[in-house]
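Participant: Fold the stuff below for me.
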Amino acid sequence: MQRRMLVLSAPLALLVGCGFALRQAPSFAFRSIYLQMPEGSSLGPLLTRALQFNPELKVLTTAAQRAGADVILDLRSEQREKVVAGLNAAGQVREFVLRLRLRFRLITPAGRELIPETELLLQREIGFAETAALAKEEEEALLVRDMRSDMVQQLMRRLAAVTSLSAGAMPPER
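Facilitator: Here you go, the predicted model:
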């Protein structure tokens, strides 16, 4: 019985010893954030939901609450592109590149920049065949949804990297 316990606990001990830990909600240097987004933003609801998941963070969305926020996340622009990446010998499209761009900055209500204007870019390649056009549309929709989710996660990591509310609070790039 003791041997079984030893054999079963050995992999667990190795995981603990290597520093493995489940992903946890990020901790932020601020307690409230105002989200300033373009009208009809597709990332806005996902980002709001991700930020509201943190119980220590108050998410403010109305303009009247802006002055009471510790920081303001200004989503400057959000752009989705679909570009032809490959053609066959007959000139028919065989591959597309899907791109999602986000420009943002993080400032204090006083106007100090904590994260200067930054652009995040995600891109995915997708094959195309006229015989499976409907399936490829569904695949494209799934890829775009995953790209939005990835973009929100990248943005959350950038926000968590802010260590204080003074200007230039981002840690140096490695």
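
Participant: now the biggest helix by length in the chain, how far from the chain's geometric center?
Facilitator: Looking across the chain with DSSP state H, the single longest helix is helix 133-160. A distance of 9 Å separates the centroid of the chain from that of helix 133-160, by Cα atoms, centre = their mean, to the nearest Å.

Participant: tell me what that helix is packed against?
Facilitator: Packing partners of helix 133-160 (3 or more Cβ pairs under 8 Å, 6 or more residues apart in numbering; DSSP states H and E): helix 44-52, strand 71-87, strand 93-107, strand 113-127. To be clear about C-beta, it is placed using only N, CA and C from the backbone, and glycine gets the same treatment.

Participant: angle of it against strand 113-127?
Facilitator: Angle of helix 133-160 versus strand 113-127, following axes from the mean of the first three to the mean of the last three Cα atoms, to 10 degrees, is 160 degrees.

Participant: Tell me the buried residues in helix 133-160?
Facilitator: By neighbour count with 16 or more other Cβ atoms under 10 Å, helix 133-160 contains the buried residues Lys136, Glu140, Leu143, Val144, Met147, Arg148, Met151, Val152, Leu155, Met156, Arg158, Leu159.

Participant: got it, and stretch 37-50?
Facilitator: Met37, Ser41, Leu43, Gly44, Leu46, Leu47, Thr48, Ala50.
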